[in-house]
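>>> sequence plus the predicted model coming up.
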Amino acid sequence: MKRFYQRSNFTRYIVLLCCIVQIVQLTTAGCSHTKPYYHPDIPDIARRESETEGTLRYRLLLLGDGGEPRPDEPVLKTLGEWAQKDAAKTSIVFLGDNMYPEGVTERRKHEATERLVPQLSIIKDASVHGLFIPGNHDWASGKAEGYSALRAQEEFINSALAGEENFLPSGGSPGPVMLELPKANPVLRLIVLDTQWWLHQHDKPSKSPETVIGELIALLDTELPVIVVGHHPLESYGSHGGFYDWKAHLFPIRFLKKWLWVPIPIVGSAYPHTRWHLYRSNQDMNGALNKNMVAQLNRAFTTRKPSPQGPPLLIYASGHEHSLQVLKGDIVDYLLVSGAAASRKVTEVMSGDNTLFAHQHTGFMAIDFLNDGKVLLRVVEPESTGVVFHRWLTF
């Protein structure tokens with residue numbers, strides 16, 4: 001009887017210890033920004049639409065991860081409205097993961113109409129320039145048939161738009177590919193990368209990383225503002241950056257299906273720790289291949305010449321994280337994460353010291369180049385007040 005009582009006490013101590021550990025984990029995990037987060041130094045005026053005095057020269061609309069749209073997806077509807085405002089002066093860049101879950105594989109090619117056409121329709125209906133770049137899911141989520149799935153998606157998109165190439169880099173190349181927009185009297189240089197090429201471990205076009213970086217360095221030699229687009233972020237405060245909120249600890253199988261609100265306390269915390277510290281996926285920023293890619297790209301960006309010999313503004317824009325983030329960079333001027341084009345896919349996001357804006361919400365980003373030399377960045381969300389953040393990027 002005494003032994004049983006002692007064992008009972010031991011069990012209580014273990015349960016108590018586990019509860020304390022769980023409380024500590026939940027406290028440190030924090031909460032996702034389900035409401036817009038603004039850096040404390042951001043003035044109230046930046047939290048709504050800004051009036052512009054200059055005339056629009058060119059507009060980029062940036063969004064990614066739209067490969068599983070709902071019928072009448074709200075963010076695509078809002079995107080279409082923005083695209084039609086100044087169609088001749090607008091480009092839409094879809095930042096990868098254009099078709100979930102594994103791109104245009106033989107198994108999934110019948111789903112291309114459902115996944116890709118809603119995005120393509122925005123471009124066709126508004127008669128704007130559209131550009132799709134590849135993401136990891138477009139490479140069949142890294143499977144062996146990734147290269148063939150990528151080529152099939154490129155053919156589908158280029159055939160649907162029936163004009164200049166609208167899928168870059170072409171042929172599975174890592175890039176970089178350069179476009180100057182608009183073609184007559186350009187106001188910006190757009191550099192396109194396929195970041196999944198760095199991470200894909202099956203068949204792909206052969207090119208040395210040193211060549212890629214050398215070409216990127218050469219393309220940074222311009223007096224125009226430069227925007228580099230790639231699917232994977234260089235920095236992030238979402239799950240790919242190792243940030244998990246309390247729901248990931250208590251309801252870990254929501255990683256498989258968002259509606260699986262099955263509480264698994266204590267044991268559930270094993271998932272985020274295992275994913276970040278043991279499994280180390282190359283789709284996360286602590287994966288070996290991902291870390292090498294980020295280091296190489298940052299090495300190229302450090303060679304940027306100071307203005308006026310070099311670009312007065314350098315922005316890196318990406319998707320991959322299903323949230324909206326505007327970060328102040330150390331090597332580049334701004335890091336944009338705009339991967340919330342599908343409401344089914346939105347995920348948690350937190351903030352760091354360099355976060356200017358963050359929100360767990362669908363939306364896209366607009367960058368306007370005006371005739372007075374000013375550049376305006378805006379974050380646009382559907383089913384809300386529209387513009388929820390703006391920042392003048394003057395130079």
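Looks like it came in fine. All values reported here derive from a predicted model rather than from experimental measurement.

>>> contacting residues around residue 168?
131-133, 175, 177, 179, 192 (C-beta atoms under 8 Å, 6 or more residues apart in numbering). C-beta: built from backbone N, CA, C; applies to glycine.

>>> quick one, phi/psi of it?
With angles defined as degrees, to the nearest 10, residue 168 sits at phi -140, psi 150.

>>> from residue 379, how far out is it?
Distance, residue 168 to residue 379, by C-beta to C-beta, to the nearest Å: 25 Å.

>>> please enumerate the strands of the stretch 51-200 of the chain.
Applying DSSP state E, counting those that start in this stretch to the stretch 51-200 of the chain gives strands spanning 56-63, 90-94, 129-132, 177-181, 188-192.

>>> now the ones you listed in TSV, with mean pLDDT?
Listed next are these as TSV, based on pLDDT from 0 to 100:
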stretch	mean pLDDT
strand 56-63	97
strand 90-94	97
strand 129-132	96
strand 177-181	97
strand 188-192	98
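
>>> wait, which of those strands is closest to residue 348?
Minimum separation from residue 348 across those (C-beta to C-beta) falls at strand 56-63, 18.6 Å.

>>> residue 386 pairs with what?
Going by DSSP bridges, residue 386 is paired in beta bridges with residue 381.

>>> and for it, the neighbour number?
Counted with other C-beta atoms under 10 Å, the neighbours of residue 386 add up to 16.

>>> pLDDT value on it, please?
Per-residue pLDDT puts residue 386 at 87.

>>> with residue 111 instead?
pLDDT at residue 111 comes out at 94.

>>> any figure for the gap between the nearest residue to residue 129 once chain neighbours are set aside and residue 142?
Closest residue to residue 129 apart from its sequence neighbours, by C-beta to C-beta, 6 or more residues apart in numbering: residue 91 at 4.4 Å. Residue 91 sits 29 Å away from residue 142, going by C-beta to C-beta.

>>> more crowded one of the two?
Using other C-beta under 10 Å as the criterion, residue 91 and residue 142 rank with residue 91 on top: 20 against 17.

>>> residues contacting the more buried one?
When contacts are counted by C-beta under 8 Å, 6+ apart, residue 91 is found next to 58-61, 128-131, 181, 190.

>>> low-confidence regions, the stretch 51-200 of the chain specifically.
By pLDDT under 70, the low-scoring segments of the stretch 51-200 of the chain are 53.

>>> scratch that, the stretch 251-395 of the chain is what I was asking about
Using pLDDT under 70, the stretch 251-395 of the chain drops low at 251-278, 384, 394-395.

>>> quick one: the strands in it?
314-318, 324-328, 334-338, 355-359, 364-370, 375-381, 386-392.

>>> what's the closest of those to residue 33?
Per C-beta to C-beta, nearest to residue 33 of the strands of the stretch 251-395 of the chain: strand 355-359, 4.8 Å.

>>> from the middle of its chain, how far away would that closest one be?
13 Å (C-alpha atoms, centre = their mean, to the nearest Å).

>>> ok, now how distant is residue 317 from residue 230?
8 Å.

>>> higher neighbour count, these two?
residue 230 (30 against 24).

>>> show me this structure divided up by domain.
2-30+243-275, 37-239+284-392 (automatic domain parsing).

>>> tell me which of those domains sits most buried.
Counting by mean count of other C-beta atoms under 10 Å, domain 37-239+284-392 has the highest mean neighbour count of the domains of the chain, with a mean of 19.

>>> quick one: end-to-end length of that domain, please.
Taking C-alpha to C-alpha, to the nearest Å, domain 37-239+284-392 runs 18 Å from one end to the other.

>>> which one of the contacts of residue 168 sits closest to residue 242?
Using C-beta to C-beta, those come closest to residue 242 at residue 133, 24.5 Å.
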